[in-house]
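Engineer: Model the following, please.
(one chain, ligands or ions: 1)
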Amino acid sequence: MRTRIANVILTPGVKDDRHIPFVPDAEVLVEQNRIAFAGRREDAPAFEADVTIDGQGALAMPGLCNAHTHTPMTLLRSIGSDLPLDRWLNEAIFPVEKHLTDEAVRAGSDLGILEMLRFGTTSFNDMYMHMDMEAQAVRDSGMRALLGHGVVDFDGSCDDLLPNLALVEKWNHAADDRIRVSLAPHSEGATTPAVLARIRDAAQRYGVPIHIHISETRADQEGSLARRGLTPLGYLEKLGLLDDPVLAAHCVWVTPEDIERIVRYGVTVLHNPVSNLKLASGVAPVARMLEAGCRVALGTDGVASNNNLNLWEEIKLMPMLQKGVTLDPTVVSPAQTLCAATYAGAQALGYRDLGLLKEGWLADLILVDLHQPHMAPANDMESNLVYAAQGSDVKLTMVDGQVLYQDGRFLTLDAGLIVERAKREAAQLLERAQRAQG
Ligand code: NI
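Structural biologist: Alright, predicted model coming up:
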């Protein structure tokens with residue numbers, strides 16, 4: 001399949017903190033699942049296209065990567081809203097999650113993928129349960145994802161590692177390599193040194209990354225200091241886990257020494273500003289981390305603490321929050337923000353050739369409507385993109401060379417059916433939970 005996307009303004013994306021480049025009068029040529037050309041129309045090579053898409057002056061850019069989420073939690077949308085984090089987890093979330101079934105997780109995964117595609121997310125990094133169902137949803141939808149079974153181990157039995165290892169064996173590099181698998185210990189507080197040592201060995205054996213929650217709350221940080229005499233990152237360092245690629249969600253309460261560790265070991269910080277605000281966890285020191293040279297990617301976290309999967313909200317909030325907290329409007333540039341929402345996440349997922357629109361790279365891209373009132377005039381395009389654009393401006397979402405969403409239509413998914421099934425599964429799930437609580 002050869003696709004020409006004509007009549008667009010192009011940003012190939014960014015991998016550092018310089019300005020975002022824009023190429024007017026551009027086109028993108030896609031052959032199978034890779035970019036054959038992205039640049040000025042007059043420089044394009046001869047190309048026999050099977051399909052030509054008229055971009056109508058939209059912005060062609062790399063697809064967004066939601067670098068930390070729990071997709072099936074769409075079924076728990078808005079549950080326990082505005083409770084303190086410990087009560088939210090223990091009274092609202094855990095009692096319901098206990099009653100999840102394969103069918104519920106499949107329904108929630110499909111709903112989440114639908115929502116992400118609608119808002120221009122082309123890949124995501126997930127940690128949850130019943131992951132075989134989520135992997136099937138990713139495979140069938142055409143989406144791209146890094147998936148891990150969230151491992152908890154309170155008793156040192158390491159039993160909960162088994163489904164994660166099975167997931168690696170079955171799904172790593174599946175669906176034409178659109179699915180990759182991580183090892184996903186939930187957090188320092190929910191695991192034992194025994195299971196973390198086995199995860200370290202397995203990560204090395206399989207060559208897969210480790211995805212973990214780090215210092216999300218003050219209680220996480222202080223609890224770790226009390227239990228281990230070390231911060232969560234100091235503890236992982238001592239156990240040798242930082243020698244593998246580590247994707248560290250949150251990092252809200254990290255110390256200056258932790259920031260040094262993040263840089264030294266090349267840990268990717270997965271920043272979730274909306275979720276951290278909603279649960280009153282705090283504000284991660286992202287400006288300081290970027291200044292120190294940390295890699296930072298953006299995520300929504302689960303829908304139950306967000307309450308949607310529209311990464312454009314994080315795109316706007318990431319720089320805003322840092323300016324507000326540091327009282328310095330010059331920190332966190334649009335380019336750093338776009339990088340966190342695209343390239344940094346794509347690289348963290350383990351793909352070396354994803355996150356920029358570049359010849360030979362994987363064709364995950366979106367078209368953003370520039371003709372809406374809130375995008376005019378384009379006095380400063382990069383500022384418009386980060387502060388003015390809306391998720392609903394996404395007109396087209398392509399993953400691995402295949403158009404999955406275009407102008408209100410989903411090409412691989414039956415949106416009406418998925419929404420209805422998700423509502424039904426959510427109602428049944430809440431009913432099971434309520435019945436169990438008497
Ligand atoms: Ni999370």
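
Engineer: measure stretch 128-147 end to end?
Structural biologist: 8 Å (C-alpha to C-alpha, to the nearest Å).

Engineer: outside of the lengthiest strand in the chain, which residues touch it?
Structural biologist: The residue-count maximum for a strand in the chain (DSSP state E) belongs to strand 51-62. Here strand 51-62 makes contact (C-beta atoms under 8 Å, 6 or more residues apart in numbering) with 1-13, 22, 26-28, 38, 122, 338, 342-343, 346, 355-357, 364-371, 385, 395-396, 403, 406. Backbone N, C-alpha and C define where each C-beta goes, glycine included.

Engineer: Next secondary structure after that strand?
Structural biologist: strand 64-69 (DSSP states H and E).

Engineer: Please identify which helix or strand holds residue 316.
Structural biologist: Residue-wise, residue 316 maps onto helix 312-326 under DSSP H and E.

Engineer: Report all helices and strands that that helix contacts.
Structural biologist: Under the contact definition 3 or more C-beta pairs under 8 Å, 6 or more residues apart in numbering; DSSP states H and E, helix 312-326 sits against helix 273-278, helix 286-292, strand 295-298, helix 334-341.

Engineer: Can you list the buried residues in it?
Structural biologist: Judged by neighbour count (16 or more other C-beta atoms under 10 Å), helix 312-326 contains these buried residues: 312-322, 325-326.

Engineer: okay, those in TSV with distance to residue 415 and pLDDT next?
Structural biologist: Listed next are the buried residues of helix 312-326 as TSV, based on distance: C-beta to C-beta, whole Å; pLDDT from 0 to 100:
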residue	distance to residue 415	pLDDT
312	20	98
313	21	98
314	23	98
315	24	98
316	26	98
317	27	98
318	29	98
319	32	98
320	31	98
321	33	98
322	36	98
325	39	97
326	41	98
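
Engineer: Would you mind checking which of the residues you listed is nearest to residue 154?
Structural biologist: residue 314 (31.5 Å; C-beta to C-beta).

Engineer: Identify the bridge partners of the closest residue to that closest one other than its chain neighbours.
Structural biologist: Closest residue to residue 314 apart from its sequence neighbours, by C-beta to C-beta, 6 or more residues apart in numbering: residue 298 at 4.8 Å. Under DSSP bridges, the beta-bridge partners of residue 298 are residue 271.

Engineer: Could you measure from residue 298 over to residue 99?
Structural biologist: Residue 298 sits 31 Å away from residue 99, going by C-beta to C-beta, to the nearest Å.

Engineer: So between the two, which is more surrounded?
Structural biologist: Neighbour count, other C-beta atoms under 10 Å: between residue 298 and residue 99, residue 298 has more, with 29 against 16.

Engineer: check contacts around the more buried one.
Structural biologist: Contacts of residue 298 by C-beta under 8 Å, 6+ apart are 65-67, 270-273, 311, 314-315, 318, 337, 340-341, 344-345.

Engineer: what sits opposite residue 27 in the beta ladder?
Structural biologist: Bridge pairing for residue 27 - DSSP bridges - gives residue 39.

Engineer: Please, where are all the helices along the stretch 101-250 of the chain?
Structural biologist: 102-118, 131-141, 161-171, 174-177, 193-206, 218-228, 232-238 (DSSP state H, counting those that start in this stretch).

Engineer: Which of those helices sits closest to residue 212?
Structural biologist: Using C-beta to C-beta, the nearest of those to residue 212 is helix 232-238, at 7.6 Å.

Engineer: what's the distance between the helix or strand bottoming out on mean pLDDT in the chain and the middle of its chain?
Structural biologist: Least confident helix or strand of the chain, by mean pLDDT, DSSP states H and E, is helix 85-87 with a mean of 86. With C-alpha atoms, centre = their mean, to the nearest Å as the basis, helix 85-87 stands 24 Å off its chain's centre.
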